[in-house]
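Novice: quick one, fold the following:
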Amino acid sequence: MSDEQELCTSTLYKDNKDWSDIVPIYPSEDEDRAVKIAVTEDFIDAFAYFRAILKKKEFSNRVLILLEDCIRLNPANYTVWQYRRETLKALNSDLKKEIKYLDTIIEETPKNYQVWHHRRLIVEQIGASMLDYELDFTGDILNDENKNYHAWQHRQWVVRTFKSPLDRELSFALRLLLEDPRNNSAYNYRYFLLTLYKKTEDRETIDSEISLAKKFIEGMPNNESVWNYLAGLLLENGISSNQNIVNFVEDLYERTEGQERSPMMVSFIADIMLENIEKRVNCEQSAERAKKLYNELIELDPVRVNYWKHQIHIVDFLVDQCDKPVWSWIMEGLFEMHRILRDVYPNGDPLIRFAVSDYVSRMLDSAWPERGYDRHEMLKVLGNVEPPVETNTEINQLGGLTMAINALADPKVKAAPQENEEATCDVESSEIDRFIDEIKRVEKPNKIDTVGNIIMFTRFENDGDITKLKNEVANLLRMHNEMTTAATSQTLLPITDLRLFIVNLYTGNSCNVSTSPLVIYPPYPQMRTWVISRNASQYLQVFRSITLHAFHLASTTVSKIPMKEEIKGTSTSSNYDVELFHPRAALNILKRLKICGLVNSRATSDEGVTYETNRLAWATAPKSKWSLFPYQRAAFPCTPSESSSRPATCLTQFVMDGRCVLLDLERKGAASKLRTNVGGKYLVSHLLIAKHGRIYLHTVDIAPRRVNKNLALHLSKMTPIRPPAIKPNTAQFKHVMEQLKLKKPEIDMIKGKNFNEENFKAFRKLRMGEAREKMLRLMRHIPLYAKDTFVFHPQVMKNFEPLATLITKKTLDDADVENCAATIMKVRQKRDQMVPFCSPKADIETTLVKNMSDASEQARIAIVEFARLLSLYRKNSEKHEKIYRDYDEALGVSKMLNLDVEDIIPNDTNIETFPCLFLKTDSTTLRRMLSDENLEDGEVVSPKRVKLFALNKSQEPREWIPIEIDVMELICNNVEEHVKKTRRDFAARENFGDDVVLYPNLNASQPEAAMADERAKHERGGSGTPPRTATNNRY
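Specialist: Reported below is the predicted structural model:
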């Protein structure tokens, strides 16, 4: 045989003349050196041509043949299958033939993921007509291998996509189970069908499946698959919820000998006992039974002996948690903290995010909210999370801490500024550092720009664990700041002030973790730490302490609140205390006077809260005028620490009824040097006043007044007022306001012969409507911002002087008209000679002129803008109109300016020539306004003028008299009427639905009218004020 004949019979593509136009791409030496694979010559040849086709993007029938060879050589090559799909689509090939081809490939390689994926995409393109064919095909594959994962997955996709009848698929799965009762895939498929067709809550279907599972269990009790399937059927309500199953398993347990009992059966009963413990059902008996069963499993299943021993520890742990798990304490505390923050910061600050870290760390919310969560949003975030697995030995909190630090460093959210009042450090060291910095001329550090809090809940046993945690957080923070301060980092910000709050909760009798205040952490000064260790039952004190320290709140206790008590039919009075939380700034005056906030003796307390409270006494308001009351500086929202307690409810209800509470400061220590400010006996530092469903703590300025001798130095240190972001059009605004000055008429004009007694009465009652109308007219074409104008910039306006100044005059003489005409010709000459109105490098920011170097564009914009200004004054006089016409004719603005002449508001005279001066030209207007004479024929009354003066022609004008009104009384009456119409409960109880019975012994059976009379008889206004009646409705 010749060489030519041998080449003709070769199967290689390089020897095929039909492929001579393709240059194959063989693997390079580097590729061969990196991955050495033993492949045949056919493999190298086919894939070399496939690479060339892939590069050329050829789609043809010969490519399909090449791809078949490549698939034969390597069926798992995903790129080949992907290119085959593209070729089939380009050639519009028959996809059913492709299905037949895939049948052959799958039968040869039934566990090839790529071919099953290709088949799914082809079936999806064909549509629902492939349902029966695909079910039959997967059935044939499963007959050969009943646990083929790919076949089961494909069948599930077909059923889910094309909706095969449920009974047909249940029968298919049952047939496989009868053939092999241990077929876990068939059980899984049945459960998939129940879930897909939403039968997991269908009682009849579940009972039928339970009966089937019981039959399989009786025939083969050691079959773990059917026990798992039974547990899955009971997953919705728990395996102990079906008493029929419990009785069945218990009966099977009793009927089976000890050594013949199935480990799955014993484990199933043990799980029932664990569920009973979690549900608090016979905890001790269930725990004892569970331990007995696990000891039995140690004998029956020695392979998993360590697991069964671990389950015994789980039983002990669940028994310890029977009272209440720590997770529940934390959840209740978080909602209490949320209530306080929402009441004190009603605008939604500060922002909070949540993270959980056990065997895996996860953020419960995907991003920072735009504002603080409300109660329903917080329930949604925390309600779906599973509690951390406390028994897991692989718990690592570093993942959660890393997530928290990254969240605080998010540049999209601006963190609230933190106060540094509570930070403590070594004063001597600070002075030495400051002195050294001054010697070395070290620049001061930048202002804190990224700050935040991390509140961490733990269960440590000693201080060593706490110290280790602090070191880990400091290292994480250090590494974070080193990475974010790099020049290439732009996604996160460095954290310059981090406050770490560690909350250690325990359930036993004691714990060796010590409580410590908020202090700077010496190894890393950018971090401050705070630790509290309490029994979980003291969660309220814990969360109140956290809230006050972390969110800049303070505590004030209102003492000596008088309340009536009814005991055995007798009425007695008692005094109660109510603690209020509010922003720390409400006590700034007291701190500045060194009355409170000097020392926190509870910072290291092992019980109760870790903060001090400021005590203020209830004071009865004296009956004095409002003008004698001291000045109030600010108001802060506040909320009671226990919103549902009866004393807090009485206090909030009292304030919500429109009354105020005076809080008296006890005069001792530094306060003894201050003078009383209310009624001669009270030193009132704060008030409680309600508004819009919230209670506000008003601060009263009790500091003595002193003359500041260094006022100039103080003002020099004040932060200067920042200019607006967009520069306003101040030049033209000043120009207009100078024309709106209100001037008194000259006395000689008032005493003139035309100014009689009747005219004098009219003069006294005239309003300033003319000035307002003139202002609206002059400002209608003036832009608010400097960037929206060009001609009003001083560098440009000087080209129109003196025309710009003369046109604003009330009257013009001939010399003024000549000067205006000269200015017009000067502007025209500049336009014609292409002379720019301002330098291209002038400091002018405008959006009208796009190209400042274009003189023609400057001229066009300036001329048109100035024409609008002239149009505002054209009706002042005939000479004003002439100047506007000359400007139009000389510069041709009528073609460029779209201005409706009729839209011009007629220009009224200035204030000196107002009708009150009664010139001859105004006599008709005055007669029209003030007299009963009939109007002359053809005379038109201006609707605006009549509406402006609002005079009734049938009445004589009233003489002006000074207005005497008690503004405070008017405001109080309006506010009280508004409160009566919009009466609402205290927001804290309104949001959380806590109702408290104020008067449990009140006889509500008497008629409503009698109860109303009784209340009106004893009702009082404010603290010590008389009852509110129809004639006395101030409060």
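Novice: any idea how far Cys283 lies from Met273?
Specialist: 10 Å (CB to CB, to the nearest Å). C-beta here means a position set from N, CA and C on the backbone, and glycine is covered the same way.
Novice: comparing the two, which residue is more hemmed in?
Specialist: Met273 (25 against 19; other CB atoms under 10 Å).
Novice: these two touch, right, the more buried one and Leu293?
Specialist: Yes - with contact defined as CB atoms under 8 Å, Met273 reaches Leu293; the gap is 6.8 Å.
Novice: now do the strands in the stretch 401-550 of the chain.
Specialist: In order along the chain, the stretch 401-550 of the chain carries the following strands (DSSP state E, counting those that start in this stretch): 451-458, 497-506, 516-520, 527-535.
Novice: what strands line up against the first one, and which way round?
Specialist: Strands flanking strand 451-458 in the sheet, each with its direction: strand 497-506 (parallel) (DSSP bridges).
Novice: mind listing what's buried along the partner strand?
Specialist: 497-506 (16 or more other CB atoms under 10 Å).
Novice: which stretch of helix or strand covers Glu236?
Specialist: For Glu236, there is no host helix or strand (DSSP states H and E).
Novice: so which helix or strand of the protein has the lowest pLDDT on average?
Specialist: Least confident element among the helices and strands of the chain, by mean pLDDT, DSSP states H and E: helix 943-949 (a mean of 39).
Novice: moving C-terminal from that helix, which element do we reach first?
Specialist: Next along from helix 943-949, by DSSP H and E: helix 967-981.
Novice: what is that following helix packed up against?
Specialist: Of the remaining helices and strands, none touches helix 967-981 by 3 or more CB pairs under 8 Å, 6 or more residues apart in numbering; DSSP states H and E.
Novice: model confidence over that helix, on average?
Specialist: The average of the pLDDT scores along helix 967-981 is 73.
Novice: cool, and stretch 463-476?
Specialist: pLDDT averaged over stretch 463-476 gives 89.
Novice: surely Ser286 touches Lys279?
Specialist: No - taking contacts as CB under 8 Å, Ser286 lies outside contact range of Lys279: 9.1 Å.
Novice: among these two, which residue is more densely surrounded?
Specialist: Taking neighbours as other CB under 10 Å, Ser286 and Lys279 compare with Ser286 leading, 24 against 13.
Novice: helix or strand for the more buried one, which one?
Specialist: Ser286 belongs to helix 283-300, assigned by DSSP H and E.
Novice: low-confidence ranges, the stretch 301-450 of the chain, go.
Specialist: Within the stretch 301-450 of the chain, the segments meeting pLDDT under 70 span 320-324, 359, 388-395, 413-449.
Novice: oh, that last question was meant for the stretch 1-150 of the chain, not what I typed.
Specialist: Along the stretch 1-150 of the chain, segments meeting pLDDT under 70 span 1-10.
Novice: where along it do the strands fall?
Specialist: Going by DSSP E, counting those that start in this stretch, the stretch 1-150 of the chain shows no strands.
Novice: Asn77 - how many residues pack around it?
Specialist: Asn77, neighbours per other CB under 10 Å, totals 16.
Novice: how near is the residue nearest to it when sequence neighbours are not counted to Ala821?
Specialist: Residue nearest to Asn77 in three dimensions, not counting chain neighbours: Cys70, with 6.6 Å by CB to CB, 6 or more residues apart in numbering. Going from Cys70 to Ala821 by CB to CB gives 92 Å.
Novice: my read is that Gly400 contacts Val356, right?
Specialist: Yes - the pair Gly400 and Val356 passes the contact test of CB under 8 Å, sitting 6.8 Å apart.
Novice: the two: which is more packed in?
Specialist: Gly400 (21 against 18).
Novice: what packs against the strand or helix carrying that one?
Specialist: Under the criterion of DSSP H and E, Gly400 resides in helix 398-408. Secondary-structure packing of helix 398-408 (3+ CB pairs under 8 Å, 6+ apart): strand 355-357, strand 361-363, strand 451-458, helix 463-484.
Novice: who wins for proximity to Leu170 among the ones you listed?
Specialist: Closest to Leu170 of the helices and strands packed on helix 398-408, according to CB to CB: strand 361-363, at 37.2 Å.
Novice: packing partners of the closest one?
Specialist: Short answer (3+ CB pairs under 8 Å, 6+ apart): strand 361-363 packs on strand 355-357, helix 398-408.
Novice: list the contacts of Val817.
Specialist: Counting by CB atoms under 8 Å, 6 or more residues apart in numbering, Val817 touches 879, 882-883.
Novice: and the helices and strands packed on helix 398-408 as CSV, adding distance to Gln259?
Specialist: Listed next are the helices and strands packed on helix 398-408 as CSV, based on distance: least, CB to CB, whole Å:
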stretch, distance to Gln259
strand 355-357, 44
strand 361-363, 45
strand 451-458, 46
helix 463-484, 46
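Novice: domain assignment for the protein?
Specialist: 1-75, 258-322, 326-551, 552-716+965-1035, 731-949 (automatic domain parsing).
Novice: with neighbour numbers in mind, choose between Cys70 and Ala821.
Specialist: A count of neighbours by other CB under 10 Å puts Cys70 above the other of Cys70 and Ala821, at 22 against 16.
Novice: surely the more buried one touches Ala48?
Specialist: No - assessed by CB under 8 Å, Cys70 is found out of contact with Ala48, at 10.6 Å.
Novice: who are the packing partners of whichever strand or helix holds Pro562?
Specialist: Using DSSP H and E, Pro562 sits in strand 553-567. In terms of contacts (3+ CB pairs under 8 Å, 6+ apart), strand 553-567 is packed against helix 539-550, strand 570-583, strand 613-619, helix 646-656, strand 661-664.
Novice: confidence-wise, which of the ones you listed is weakest overall?
Specialist: Mean pLDDT per stretch puts strand 570-583 lowest among the helices and strands packed on strand 553-567, at a mean of 80.
Novice: Tyr149 and Ile122, how far apart?
Specialist: Counting by CB to CB, the gap from Tyr149 to Ile122 is 20 Å.
Novice: next, the buried residues of stretch 221-231.
Specialist: 221, 223, 225-231.
Novice: next: stretch 375-387.
Specialist: Neighbour-count burial for stretch 375-387, counted by 16+ other CB under 10 Å, picks out 378, 381-382.
Novice: kindly report the same for stretch 65-73.
Specialist: Across stretch 65-73, burial judged by 16+ other CB under 10 Å covers 66-67, 69-71, 73.
Novice: please apply the same query to stretch 95-110.
Specialist: Buried residues in stretch 95-110 (16+ other CB under 10 Å): 95, 98-99, 102, 105-106, 110.
Novice: again with stretch 871-884
Specialist: Those would be 871-876, 879-880, 883-884, for stretch 871-884 by 16+ other CB under 10 Å.
Novice: give me the number of residues near Asp132?
Specialist: Neighbourhood size, Asp132 [other CB under 10 Å]: 13.
Novice: how close does it sit to Ser171?
Specialist: 15 Å.
Novice: show me what contacts Ser685?
Specialist: Contacts of Ser685 by CB under 8 Å, 6+ apart are 589-590, 616, 663-665, 699-700, 702.
Novice: and the residues you listed, which is closest to Tyr539?
Specialist: Of the contacts of Ser685, the one sitting nearest to Tyr539 (CB to CB) turns out to be Leu616, at 27.6 Å.
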